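Peer 1: take a look and give me a structure for this.
(one chain, ligands or ions: 1)
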Amino acid sequence: MSKGRFITLEGGEGSGKSTALSFIETWLTSHKIDYIATREPGGTELAEEIRALFLQEREEKVHELTELLLVFAARTQHINEKIKPAIEQGVWVLSDRFVDSSYVYQGAARSGDIKKIDILADWVLEGYLPDLTILLDVPVEIGLKRVEQRAKNDRLDRESVRFHETVRNAFLERASQHDHYKIVDASQPILGVNHDIEMCLQYLNNKH
Ligand code: TMP
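Peer 2: Residues are numbered from 1 along each chain as shown. Down below sits the predicted model:
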């Protein structure tokens, strides 16, 4: 049996990941591809509990290493309980964020030690890396405007514009350095976004 493909969706706040995710789900269903949709941090009962801890607003300063260890603790659970079993059974996995978010948020934006992230990734991922990462790229002012219109903002949504600029640039830099990335201009009208995403999916589906 062939292994399932692993697709991740990345982007800054307000980049339209939820809309893109439902478009991808519709595409996978119409192509009769067996898949699961999941997210990070989260994806299992325990990992979702860690997500809630991670995103909660609090008075206490959250140390950057604590952030990093929390997302990797959730990821360990997610990979072993959900991602690995699906891929091994030939089921495609579609994840809203994955390890690239750790490099960008805990690494670049929090100025964390990339070597520590490399070590954790090597330890935790067991080679389960995305076949395709779709980066939804949108200028920060547009993304933040979209987020403002939402009822609830979390601890990271409330970071400074500079933080979000760093996030955007770090994603673009990672995309330029890794072959599994495809950048989609998420500021264009939705039909254009969907068209570009479909091109990425067709490319992956035809790849052997
Ligand atoms: P989202 O549902 O808007 O994607 O929220 C998840 C938040 O968690 C987002 O602000 C990015 C952040 N995050 C990290 O900081 N590190 C990570 O490794 C992951 C997966 C997410």
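Peer 1: so the nearest residue to Phe98 once chain neighbours are set aside bridges to which residues?
Peer 2: Excluding its sequence neighbours, the residue lying closest to Phe98 (Cβ to Cβ, 6 or more residues apart in numbering) is Thr8, at 4.1 Å. (C-beta placed from N, C-alpha, C; glycine too.) On the basis of DSSP bridges, Thr8 is bridged to Ser95, Thr133.
Peer 1: so what touches the helix or strand of the chain with the lowest mean pLDDT?
Peer 2: Comparing every helix and strand of the chain by mean pLDDT, DSSP states H and E singles out helix 140-148 as the least confident one, with a mean of 91. For helix 140-148, the external contacting residues (Cβ atoms under 8 Å, 6 or more residues apart in numbering) are 11-16, 153, 157, 161, 164-165, 168, 187.
Peer 1: mind running it again at 6 Å?
Peer 2: 12-15, 157, 164-165, 168, 187 (Cβ atoms under 6 Å, 6 or more residues apart in numbering).
Peer 1: that one vs the ligand: in contact?
Peer 2: No - residues of helix 140-148 contacting the ligand under Cβ under 6 Å from any ligand atom: none, with a closest distance of 8.5 Å.
Peer 1: buried residues of that helix, list them for me.
Peer 2: By neighbour count, with 16 or more other Cβ atoms under 10 Å as the criterion, the buried positions of helix 140-148 are 140, 143-144, 147.
Peer 1: now swap in stretch 108-118 and tell me
Peer 2: Neighbour-count burial for stretch 108-118, with 16+ other Cβ under 10 Å as criterion, is recorded at 108-110, 112, 116-117.
Peer 1: circling back to that earlier point, lowest-confidence entry in the contacts of helix 140-148?
Peer 2: Per-residue confidence over the contacts of helix 140-148 reaches its minimum at Asp157, where pLDDT is 70.
Peer 1: in three-state terms, label that residue for me.
Peer 2: For Asp157, the assignment made with DSSP: H, G, I helix; E, B strand; the rest coil gives coil.
Peer 1: tell me which parts of the protein are close to the ligand?
Peer 2: Taking Cβ under 6 Å from any ligand atom as the contact definition, the chain meets the ligand at 40-41, 71, 97, 101-102, 105-106, 156.
Peer 1: so which of the residues you listed sit within helices?
Peer 2: Secondary structure assignment by DSSP state H places 71, 101 of the residues of the chain next to the ligand in helices.
Peer 1: what does stretch 42-59 contact?
Peer 2: For stretch 42-59, the surrounding residues in contact (Cβ under 6 Å, 6+ apart) are 41, 70, 73-74, 77-78, 81-82, 154-155.
Peer 1: for the residues you listed, which one is nearest Leu204?
Peer 2: When the contacts of stretch 42-59 are compared for distance to Leu204 (Cβ to Cβ), Lys82 wins out at 20.0 Å.
Peer 1: what is the neighbour count of the closest one?
Peer 2: As a burial measure, Lys82 scores 18 neighbours (other Cβ atoms under 10 Å).
Peer 1: same check, this time on Glu40
Peer 2: A count of neighbours around Glu40, defined by other Cβ under 10 Å, yields 22.
Peer 1: Lys84 too?
Peer 2: Counted with other Cβ under 10 Å, residues neighbouring Lys84 total 16.
Peer 1: now it: which helix or strand?
Peer 2: If you go by DSSP states H and E, Lys84 is part of helix 84-88.
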